[in-house]
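> Show me the folded form of this:
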Amino acid sequence: MRIVFAGTPEFAATALAALIEAAPAQGWTIPLVLTQPDRPAGRGMKLAALPVKALALAHGLAVATPETLSLKKGGDAAAQAHAQLRAAAPDVLVVAAYGLILPAVVLAIPRGLPDAGGGPLTAINIHASLLPRWRGAAPVARAIEAGDTETGTTIMQMEAGLDTGPMLLAEPLAIDPADTTVTLTAKLAAQGAGLIVAALRAAAAGELCATPQPEAGVTYAHKLAREEAWLDWTQPAARLVYQVRAFQPFPVACTRLRETDIKLHAARAEAAEPGAEPGMVLGADAGGVRISCGDGVLVATELQRAGGRRLPAREFLAGLPLMVGDRCSAPVRAPA
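Below is the predicted model of the structure:
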């Protein structure tokens, strides 16, 4: 089996690593890896390879980094990427958090694996949710933000719609109350890596079965926006804690306090105190900064001033002492 892999971040690199490890025993080859171009990183903002590219090059795999695969937008550069893909003569395209739209003409290039009941099996996607819940760009963060107690990974057959294709394999995963988008993404990456290897093995044996997604229960995980970071203190504390967890590592939950922008990296919810107005600081000590909400109290335990380091409450308060009665707010502008 000839596999072309398309992916970009660490989530995708975990899957690629599993395919590289399994390939010799399974008789698979990976003639090409598609990933996004290098991005500026670090203090010097120098161009750096993203995780999938770095892993592929470390294993001597051919890499292509088109800006787009749309012939209309990308012109000759996109046409060259199509030619590279055709030259790789793949049986299947495996996609994980690639970040670029794959036009129908690209999905039609692979020869295809045995039909699992959903049409020619040319492209398979690793999606970090139990479809049809949380289709779209940010399924992990949106699941945490919504207070879901369970998510999972779906291996799906790709088609023109946004995460609408038939499901090939799915496995649930409990969301721990302490999970952030960072920790849950890592768990789902490991789960997805195991599932994609199992799916390809089953596909080669003609043992996959495609199941159409149900029409009921569809939700969309829209991309996170920077302006979402500002917490609305009229909301229940439990909901704000979900946001603090969901917004790691981006955009990071934020409030304005003592005319300073403060990022909240970790928090818990406690019972309400009668008479306290939303956004009022009720206490600040080594145990955390206690802030009244529309329902309940949010206790921020890890905080960061603009331009500073992420600190536990004790160290943070040593640099910015807070008083009972201080007020949190959310300015109109986006946080830096």
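> where along the stretch 101-250 of the chain do the helices fall?
104-107, 139-145, 181-204, 237-246 (DSSP state H, counting those that start in this stretch).
> can I get those helices in JSON lines with mean pLDDT?
What follows is those, written out as JSON lines (pLDDT from 0 to 100):
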{"stretch": "helix 104-107", "mean pLDDT": "95"}
{"stretch": "helix 139-145", "mean pLDDT": "98"}
{"stretch": "helix 181-204", "mean pLDDT": "98"}
{"stretch": "helix 237-246", "mean pLDDT": "98"}
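> Pull out the buried residues from stretch 138-150.
Residues of stretch 138-150 classed as buried: Ala138, Pro139, Val140, Ala141, Arg142, Ala143, Ile144, Glu145, Asp148 (neighbour count, 16 or more other C-beta atoms under 10 Å). Using the backbone N, CA and C atoms, a C-beta is placed for each residue, glycine as well.
> Can I get these in a markdown table including distance to Ala116?
Formatted as a markdown table, those follow (distance: C-beta to C-beta, whole Å):
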| residue | distance to Ala116 |
| --- | --- |
| Ala138 | 28 |
| Pro139 | 23 |
| Val140 | 26 |
| Ala141 | 30 |
| Arg142 | 28 |
| Ala143 | 27 |
| Ile144 | 31 |
| Glu145 | 33 |
| Asp148 | 28 |
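> and of these, the nearest to Ala123?
Pro139 (18.6 Å; C-beta to C-beta).
> contacting residues for the nearest residue to the closest one once chain neighbours are set aside?
Leaving aside its sequence neighbours, Pro139 sits nearest to Ser129 (C-beta to C-beta, 6 or more residues apart in numbering; 3.8 Å). With contacts defined as C-beta atoms under 8 Å, 6 or more residues apart in numbering, Ser129 is in contact with Arg135, Pro139, Val140, Ala143, Thr151, Gly152, Thr153, Thr154, Ala221.
> Please repeat the previous calculation with a cut-off of 7 Å.
By C-beta atoms under 7 Å, 6 or more residues apart in numbering, the residues touching Ser129 are Pro139, Ala143, Thr151, Gly152, Thr154.
> The last one against Ala128, yeah?
No - the pair Thr154 / Ala128 is not scored as a contact, 8.3 Å apart, by C-beta atoms under 7 Å.
> Arg201: which of the buried residues of stretch 138-150 is nearest?
Once C-beta to C-beta is applied, the member of the buried residues of stretch 138-150 that ends up nearest Arg201 is Pro139, at 25.0 Å.
> Please tell me I have it right and that closest one contacts Ala221.
Yes - using C-beta under 7 Å, Pro139 makes contact with Ala221 at a distance of 4.3 Å.
> Out of the buried residues of stretch 138-150, the closest to Arg86 would be?
Pro139 (31.1 Å).
> residues touching that closest one, list them.
His127, Ala128, Ser129, Ala221.
> what's the neighbour count on the last one?
Around Ala221 there are 21 other residues, counting by other C-beta atoms under 10 Å.
> ok now do it, which residues does it touch?
So Ala221 contacts Trp134, Arg135, Gly136, Ala137, Ala138, Pro139, Arg142 (C-beta under 7 Å, 6+ apart).
> Dump those residues to a markdown table, plus distance to Ala284.
Formatted as a markdown table, these follow (distance: C-beta to C-beta, whole Å):
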| residue | distance to Ala284 |
| --- | --- |
| Trp134 | 36 |
| Arg135 | 41 |
| Gly136 | 38 |
| Ala137 | 36 |
| Ala138 | 32 |
| Pro139 | 35 |
| Arg142 | 31 |
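> Now flag whichever of these is closest to Gly74.
Of the contacts of Ala221, the one sitting nearest to Gly74 (C-beta to C-beta) turns out to be Ala137, at 20.6 Å.
> doesn't Tyr220 make contact with that closest one?
No - applying C-beta under 7 Å, one finds Ala137 not in contact with Tyr220, separated by 8.9 Å.
> ok so, going back, could I get the contacts of Pro139 as TSV with distance to Leu32 and pLDDT?
Below are the contacts of Pro139 laid out as TSV (distance: C-beta to C-beta, whole Å; pLDDT from 0 to 100):
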residue	distance to Leu32	pLDDT
His127	22	98
Ala128	24	98
Ser129	27	98
Ala221	29	97
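> Okay, now the unreliable bits of the stretch 51-200 of the chain?
Along the stretch 51-200 of the chain, no part satisfies pLDDT under 70.
> now the strands: where do they sit in it?
63-64, 92-96, 123-127, 135-136, 150-157, 167-174 (DSSP state E, counting those that start in this stretch).
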